[in-house]
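> Structure, please.
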Amino acid sequence: MSLSRYLINVKTTLVKIQLTAVLLILLAGAQLGCDSNSEKTAASVRLPDLRVPAEWEPQESVWLAWPLYDNKHDWSSTDAFMQLLEQLLPAVKVNLCVPDDSTGAAVYNALRSKNMPDTALGNLQVRLFNYADVWLRDTGPIIVKDAKGFQAVDFRFNSWGWGEFVTLPGFKEQEGIEESVDRGIAKLLNIPVRSSELILEGGAIEFNGRGTALVSEDVVFQRNPAWNKQQVEEEFRRLFGVNNLIWLKGYTGNDAHPVLNAPFMVPFPNGSKPVYTVLTTNGHADEFVRFADAGTLLLAEAPDASEAELNPISAQTRATLLNARSVLLQAKDQNGKAFKIKFMPEPKLLYATLNQQDEAFTLLSALDFKRLGKGNIDTVASIQVVLAASYCNFLVTNGLVLVAQYEGLDPELASSDMRARKVLEEAFPGRTIVGLDVRAFNIGGGGIHCITRNIPMGIIP
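Sure thing, here's the model as predicted:
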């Protein structure tokens, strides 16, 4: 080979090496830019070793407990649950707790009579189970995932902080049954239990699946006055792997503790009268704020100042929601990023009358208000209550979002019903948004989210 040809080959090789090096540098820079700016790269979506899977992740099943009574005698809980099953079964497996075989058979027969396809009916698994009420979001297990698999978190339970005021014979036995529901479901799921001394309910906590959670300060410390924030944060790290806990203070007016913070004296056209809350929680997060994805929050809109001036229930709701907005605007996620906040409408206050025919009245009239210097409910009179109405108490599952609709109770709410569906369509693209009449749930103190417990994909009992 001539010297000139040799030099040409060397120069060509050097050029190729230089071009390759430049290309590698450019690719590395592009990848670095993706890692720092895109939410979809492996680096930005790396999941914690211990976490609570987010509710928008794929689900193995949804658990329900068939209602044992009607809170209001003319608002059928069984009809409401049947509508819920009709929507859920085509989308996801449902494990339905029932008290006996005849109830399970009746549910199957009712669904067959509605011509439900066999493929959907095949998603129903009936479970004979010992329970006292329907609120599985609160009494059922919160599922966590780590390198070994899934586990169930077992909190203590004291009937949402008002159980101590109930004077009904046998109530403590029912409370004990409810306290064991999370462990019972964990046994059926064949997963181990992580126990805590905290008294708490699932609806008080919202998780984004990446290490951030929202929690209600009023709920935590009303149930656990001997704990402090540092202790609770350490317990949440142990139980859930949460390294970023955001504290929210306050409660919406229609979710106020029924003895500590209610009744409210509300003006009506024929004069002011006491309005009671219906065995509510005093600040569950899922009543007014939810994660739509790891970095997006859906927050209920605060009532107008003019409305708050006229009604103490609205005033309480406004104060809580404005405070939550202030906190969340300053809050950061587990990576130090600000949240996107979208607003859900807040339904107008909805009232109902309860009397001796109604199971909710039986329990409300058995509360010992006199312990706090208030008057007990007259057991032979009717009372006015405010429903635990909320668009934020929606359920997300596989390909589907179920949300409250209130036009059937008040035609004026048709527009806010539509707005709520629109917000959810934008927040959960690709999922079908279905509205349900939830009055039979709200009159008991909760909503669609409260009566369901989602189980992440991968747990097959």
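
> How is the chain partitioned into domains?
Here the domain assignment for the chain is 1-46, 59-456, based on automatic domain parsing.

> In a markdown table: the ones you listed, plus mean neighbour count.
In short, each C-beta sits where N, CA and C put it, glycine included. What follows is the domains of the chain, written out as a markdown table (neighbours: other CB atoms under 10 Å):
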| stretch | mean neighbour count |
| --- | --- |
| domain 1-46 | 10 |
| domain 59-456 | 19 |
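
> worst average pLDDT in the ones you listed?
Mean pLDDT is lowest for domain 1-46 among the domains of the chain, at a mean of 39.

> Let's have the domains of the chain in JSON lines, adding distance to V52.
Shown next, in JSON lines, are the domains of the chain (distance: least, CB to CB, whole Å):
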{"stretch": "domain 1-46", "distance to V52": "16"}
{"stretch": "domain 59-456", "distance to V52": "4"}
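
> State the phi and psi torsions of the residue nearest the centre of the chain.
Closest residue to the average C-alpha location of the chain: D286 at 4.2 Å, with CA atoms, centre = their mean. For D286, the backbone dihedrals (degrees, to the nearest 10) come out as phi -70, psi 0.

> what are the ranges of the strands in the stretch 351-461 of the chain?
Under the criterion DSSP state E, counting those that start in this stretch, the stretch 351-461 of the chain contains strands at 351-354, 383-386, 395-397, 400-405, 432-437, 453-456.

> elements contacting the last one?
Counting by 3 or more CB pairs under 8 Å, 6 or more residues apart in numbering; DSSP states H and E, the packing neighbours recorded for strand 453-456 are strand 59-65, strand 142-146, strand 395-397.

> now what about it, what contacts it?
Defining contact as CB atoms under 8 Å, 6 or more residues apart in numbering, one finds that strand 453-456 is touched by 53, 55, 57-63, 95, 136-137, 140-141, 143, 145, 150, 185, 189, 202, 395-397.

> go again using 6 Å as the cut-off
Residues from elsewhere that reach strand 453-456 (CB atoms under 6 Å, 6 or more residues apart in numbering): 53, 55, 59-63, 136-137, 140, 143.

> can you check the fifth one too?
Strand 432-437 is touched from outside by 83, 87, 400-403, 405, 408, 421, 424-425, with contacts defined as CB under 6 Å, 6+ apart.

> and L85, backbone torsions?
Per-residue torsions, L85: phi -60, psi -40 (degrees, to the nearest 10).

> Can I get stretch 109-125 in CSV, CA atoms only?
Coordinates of each C-alpha in stretch 109-125 appear next as CSV, following Å, rounded to 0.1, in the frame of the first residue of the first chain:
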residue,chain,number,x,y,z
ASN,A,109,-81.2,-13.9,39.7
ALA,A,110,-81.8,-10.1,39.7
LEU,A,111,-78.9,-9.6,37.3
ARG,A,112,-80.0,-12.4,35.0
SER,A,113,-83.5,-10.8,34.9
LYS,A,114,-81.8,-7.7,33.5
ASN,A,115,-80.4,-9.8,30.6
MET,A,116,-76.8,-9.3,31.7
PRO,A,117,-74.4,-11.1,29.3
ASP,A,118,-72.8,-14.3,30.7
THR,A,119,-69.4,-12.8,30.2
ALA,A,120,-70.3,-9.9,32.5
LEU,A,121,-72.1,-12.1,35.0
GLY,A,122,-69.1,-14.4,35.1
ASN,A,123,-67.1,-11.5,36.6
LEU,A,124,-69.2,-11.7,39.8
GLN,A,125,-67.8,-13.7,42.7
